[in-house]
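Student: The sequence and its predicted three-dimensional model are supplied below.
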There are 2 protein chains.
Amino acid sequence: MSFDGLTAGAALLAENQPVHKAILTAVKNVEDNQNYVSVGYGGLPNLDGEVELDAAYMDGDTLGFGGVISVKDIKNPIEVAYDLSHYKRNCLLAGEGAMAYARQNGYELKNMLSEQSRSRYEESDKQVNAELLEAYGGHDTVCVIGKDQRGSMACGVSTSGLFLKRPGRVGDTPIIGSGLYADSEIGCAAATGVGEDIMKGCLSYSITGLMHQGVDVQTACVTTLDNHLNRLTRCGHNAGSISVIAMDQQGHIGAATNKAAFPFVVADENHVCHIYVAANEGGKNNIFRPNDIWLKNYTGD
Amino acid sequence: MSFDGLTAGAALLAENQPVHKAILTAVKNVEDNQNYVSVGYGGLPNLDGEVELDAAYMDGDTLGFGGVISVKDIKNPIEVAYDLSHYKRNCLLAGEGAMAYARQNGYELKNMLSEQSRSRYEESDKQVNAELLEAYGGHDTVCVIGKDQRGSMACGVSTSGLFLKRPGRVGDTPIIGSGLYADSEIGCAAATGVGEDIMKGCLSYSITGLMHQGVDVQTACVTTLDNHLNRLTRCGHNAGSISVIAMDQQGHIGAATNKAAFPFVVADENHVCHIYVAANEGGKNNIFRPNDIWLKNYTGD
């Protein structure tokens, strides 16, 4: 889902634009596309049939962080999150207060429930066991991490959260250290999947922390995820789906997942985008570039 | 402010009660006391004159985590947070959704704005520079960490947040890894001060992570805080007040602060409570037990 947005964002980086422009472009592309049903317009409704959105942005140069939690009727939550990342206080806003800030500052309002979202909600089984809710299969939170030609790193994330979540439920997305973390001295990381299980291990901060200790970015992703899954197993807790992506200060990338396959998109040094897949086979993670047959099978096209 | 509550909680631990009972007792004692103006009833109003509360609970055995964000009119937010920590999904709830959960599940409702809070708000300068908001001087978030006789560890935190915060503003308190973290295999930690600055470094998770690497609890507190303050300095960011407390699996305690003095309370192995002070002199942290003269000077009694 992030391919078109990332291609547009990478083109900005190629023109030596700052990383925040690339990240906002990529995330907004996904927020605005109603076919990506787990983010922004046309997002997955909560148990009351409303689309409640979370988004966050972190600037790796300043460690400035902004986020909105459980907001409705805001066309581009990532824009408000980015705006808030410039403040020293009142950077993370929830609910009515966050919506008031967006209205007062002229952010575009929109009913985010598309006809498609409404139908999906109406046809759903509202008696589903809430304890078994899973992240949306095809694609979930949009997580964009990046570095510009000056070496500045940043991260932006946006989601409508779990389908049929309890109203007001907050996942890992707007939680610094869990859904995202960025430090231009080290690297950045982001996570997607069942937010409750991601938060238990502060996975984005943990990955960045390992990189800070000198661990390479791919090992940092795999080690963080494996250690966390092992810890949850010792708690007797069967983790939901979790996938992580990361980039180090040199632009090397890493990813890990506990799913059979987690596709993601990477812009290469020439700013050309490629699809990659992180795959977990029997607990072992690896990354590959899928061929057309693999992609056709995956998307069902 | 936590002395009476901690004394009551420690008495429960002495009777071999589970850690959650001790923590809930201690936090509720502070929530219910209107003289503790930064927590629960009689809390610090936001810029609109309303008391908006955040609370969270983490169970170190299960890594179960529950929290409420920006809730109004709930007598004991920590009780709702503890309740939510038993779920696998929908554990962290914000705003209207969190309040609906509390109402539907029979939690006591109460107008949390005391006459004292209202007067403090009415007499305040609402034109204050939001970027310079500081944590309440005398006492701020209540953070209780503990271990019971079975070795189970947990953490509970509750606050009304920064005085004159923007409505909906969320600090570190309900953010797992920032305001609190607990893992019975390692230890637990909690933080208080300017939440925005605490979140930038996921301080509670960072302290627990160092303990996991074998660093002793006091060094973990000091190292985490010093490294974070140094990182913020390199960002050109002048940090607000930050104080942290931690306990390892053996029950040893640690604390660090960037304030001249940060008093906290510790129950000893005989379940008797003592006041300690973490002090920062020229960037060097140490912990001492204050005498009566020190305490009189500090409290102004």
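Tutor: Right, received. Where do you want to start? Note that this is a predicted model, so its numbers are computed, not measured.

Student: Give me the neighbour count for the residue of the stretch 1-150 of chain A found nearest chain B.
Tutor: Closest approach between the stretch 1-150 of chain A and chain B, counting by C-beta to the nearest C-beta: A:G97, at 1.7 Å. Using the backbone N, CA and C atoms, a C-beta is placed for each residue, glycine as well. Residues contacting A:G97 under the criterion other C-beta atoms under 10 Å in any protein chain shown number 27.

Student: ok, and what's touching the strand or helix carrying it?
Tutor: Following DSSP states H and E, one finds A:G97 within helix A:95-104. Helix A:95-104 has contacts (C-beta atoms under 8 Å, 6 or more residues apart in numbering or on different chains) with A:68-74, A:80, A:84, A:93, A:109, A:168, B:46, B:52, B:69-70, B:94-97, B:166-169.

Student: Downstream of it, the next helix or strand is which one?
Tutor: With DSSP H and E, the next secondary element past helix A:95-104 is helix A:115-122.

Student: residues making contact with that following helix?
Tutor: Residues from elsewhere that reach helix A:115-122 (C-beta under 8 Å, 6+ apart): A:Q34, A:V37, A:G42, A:G43, A:L44, A:P45, A:G49, A:V51, A:F163.

Student: Can you tell me the SS state at A:S204?
Tutor: Under DSSP: H, G, I helix; E, B strand; the rest coil, A:S204 falls in the helix class.

Student: With A:A279 instead?
Tutor: Of the three states, A:A279 takes strand according to three-state DSSP.

Student: Make sure I have this right: A:S158 is in a helix.
Tutor: No. A:S158 is assigned strand when assessed by three-state DSSP, not a helix.

Student: which residue sits closest to it, ignoring its sequence neighbours?
Tutor: Excluding its sequence neighbours, the residue lying closest to A:S158 (C-beta to C-beta, 6 or more residues apart in numbering or on different chains) is A:A55, at 4.1 Å.

Student: Identify the bridge partners of that neighbour.
Tutor: Taking DSSP bridges as the rule, A:A55 bridges to A:V68, A:S158.

Student: I figured it hits A:P77, correct?
Tutor: Yes. At 3.6 Å, A:A55 and A:P77 qualify as touching, with contact defined as C-beta atoms under 8 Å.

Student: which residues are in contact with both of those two?
Tutor: Shared contacts of A:A55 and A:P77, defined by C-beta under 8 Å, 6+ apart, comprise A:V68, A:S158.

Student: how far away is A:H252 from chain B?
Tutor: Distance, A:H252 to chain B, using C-beta to the nearest C-beta, to the nearest Å: 22 Å.

Student: and that residue, what is it in contact with?
Tutor: By C-beta under 8 Å, 6+ apart, the contact set of A:H252 is A:D216, A:V217, A:Q218.

Student: Excluding chain neighbours, give the residue nearest to the second one in space.
Tutor: What it means is A:V217. Distance criterion C-beta to C-beta, 6+ apart; nearest residue to A:V217, sequence neighbours excluded, is A:G254 at 3.8 Å.

Student: Am I right that that neighbour sits in a helix?
Tutor: No. Assessed with three-state DSSP, A:G254 is strand; it does not lie in a helix.

Student: pLDDT score assigned to it?
Tutor: Looking at A:G254, its pLDDT reads 98.

Student: What is the neighbour count of the residue in the stretch 101-250 of chain A that chain B sits nearest to?
Tutor: Here the stretch 101-250 of chain A gets closest to chain B at one residue, A:G168, 1.7 Å apart by C-beta to the nearest C-beta. Neighbours of A:G168 under the rule other C-beta under 10 Å: 27.

Student: next one: A:E79
Tutor: When neighbours are defined as other C-beta under 10 Å, A:E79 has 23 of them.

Student: Which residue, neighbours along the chain excluded, lies closest to it?
Tutor: Nearest to A:E79 is A:Y107, by C-beta to C-beta, 6+ apart, at 6.1 Å.

Student: any low-confidence regions in the stretch 51-200 of chain A?
Tutor: Applying pLDDT under 70 to the stretch 51-200 of chain A flags the ranges A:138-139.

Student: ok, which stretches of chain A are strands?
Tutor: Applying DSSP state E to chain A gives strands spanning A:53-59, A:65-71, A:92-94, A:142-147, A:153-159, A:180-183, A:187-193, A:242-248, A:253-257, A:261-267, A:273-281, A:284-288.

Student: hmm, back to that, top of the contacts of A:H252 by number of neighbours, please.
Tutor: Most surrounded of these: other C-beta under 10 Å gives A:V217, at 26 neighbours.

Student: was I right about A:I176 contacting B:Y205?
Tutor: No. Counting by C-beta under 8 Å, A:I176 stays clear of B:Y205, with 10.6 Å between them.

Student: Who has more neighbours out of these two?
Tutor: A:I176 (31 against 25).

Student: residues in contact with the biggest helix by length in chain A?
Tutor: The longest helix of chain A (DSSP state H) is helix A:217-234. For helix A:217-234, the external contacting residues (C-beta under 8 Å, 6+ apart) are A:187, A:189, A:197, A:200-201, A:203, A:206-208, A:210-211, A:215, A:238-239, A:242, A:244-248, A:252-258, A:283, A:285, A:287, B:63, B:183, B:185.

Student: give me that answer again for 7 Å
Tutor: Defining contact as C-beta atoms under 7 Å, 6 or more residues apart in numbering or on different chains, one finds that helix A:217-234 is touched by A:187, A:197, A:200-201, A:203, A:206-207, A:210-211, A:215, A:239, A:242, A:244, A:246-248, A:252-256, A:258, A:285, B:63.

Student: buried stuff in that helix?
Tutor: A:V217, A:Q218, A:A220, A:C221, A:V222, A:T224, A:L225, A:D226, A:H228, A:L229, A:R231, A:L232 (16 or more other C-beta atoms under 10 Å in any protein chain shown).

Student: tell me the angle it makes with strand A:273-281.
Tutor: Calculated by axes from the mean of the first three to the mean of the last three C-alpha atoms, to 10 degrees, helix A:217-234 forms an angle of 40 degrees with strand A:273-281.

Student: Now do the contacts for A:K126.
Tutor: Contact partners of A:K126, counting by C-beta under 7 Å, 6+ apart, are A:L47, A:L164.

Student: distance of the residue nearest to the residue of the stretch 101-250 of chain A closest to chain B when sequence neighbours are not counted from A:L93?
Tutor: Leaving aside its sequence neighbours, A:G168 sits nearest to B:G97 (C-beta to C-beta, 6+ apart; 1.7 Å). B:G97 sits 15 Å away from A:L93, going by C-beta to C-beta, to the nearest Å.
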